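Participant: sequence and predicted model, in that order:
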Amino acid sequence: MSEVRPPPLRALGDFLLGPARLAAPDPRDPQRWRNRVLNNLLYYQSNYGLGLGLALLLGGYFRPLHTLLSGSAVTLVFVAFVWGAENKAPIRRFRRSCPGASLLAVLGSAYGLVSLLGGSGVFLLTVALPISSECGGGGWESTGSGSGRA
């Protein structure tokens with residue numbers, strides 16, 4: 001069995017600050033958009049993981065209780081959603097047909113729970129922003145040619 005190694009960190013200019021090298025796909029072609037997002041997530045996964053880690057470290061340093069509360073709320077809502085999707089057919093169909101709306105439902109539910117407990121600002125900056133950027137946000141126009149990415 002071959003050795004498993006984490007992917008390398010990509011340059012900041014390539015990841016976020018550089019100009020887009022490819023035009024955006026046609027908005028009427030959702031399969032091409034999905035492929036672009038998936039390839040971007042795979043190619044820049046170390047950069048996204050580092051960004052999530054830095055956001056959690058900063059939030060944990062300035063507001064440790066709220067950061068822990070936010071992470072716990074997201075985990076609780078996500079586990080409840082997965083359980084519901086495994087045991088209830090309508091939720092399973094919703095998850096399969098609308099994955100983006102499912103993510104928004106989980107993050108929105110977790111935000112509602114956290115805001116009831118008083119930590120919504122920390123939730124937005126340390127949990128929701130990094131997760132939403134990993135699922136199609138920052139830097140995904142910067143996909144270079146000649147590197148095996150679509």
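Facilitator: Sure, I can see it. Numbers count the residues shown, from 1 in each chain.
Participant: how about stretch 66-79: buried residues?
Facilitator: Burial within stretch 66-79, assessed by neighbour count using 16 or more other Cβ atoms under 10 Å, is assigned to 66-67, 69-71, 73-74, 77. Any C-beta I mention is one placed from the backbone N, CA and C, and that applies to glycine too.
Participant: next one: Thr75 from Tyr111, what distance?
Facilitator: Separation of Thr75 from Tyr111 (Cβ to Cβ, to the nearest Å): 14 Å.
Participant: an error on my part: the question was meant for Asn39.
Facilitator: For Asn39, the distance to Tyr111 - Cβ to Cβ - is 29 Å.
Participant: looking at the two, which one has more neighbours?
Facilitator: With neighbours defined as other Cβ atoms under 10 Å, Asn39 and Tyr111 compare such that Tyr111 has more, 20 against 16.
Participant: check what pLDDT that one gets.
Facilitator: Reported pLDDT at Tyr111 in the predicted model: 80.
Participant: count the neighbours of Pro64 for me.
Facilitator: 11.
Participant: and it, how far from Asp26?
Facilitator: Applying Cβ to Cβ to Pro64 and Asp26 gives a distance of 45 Å.
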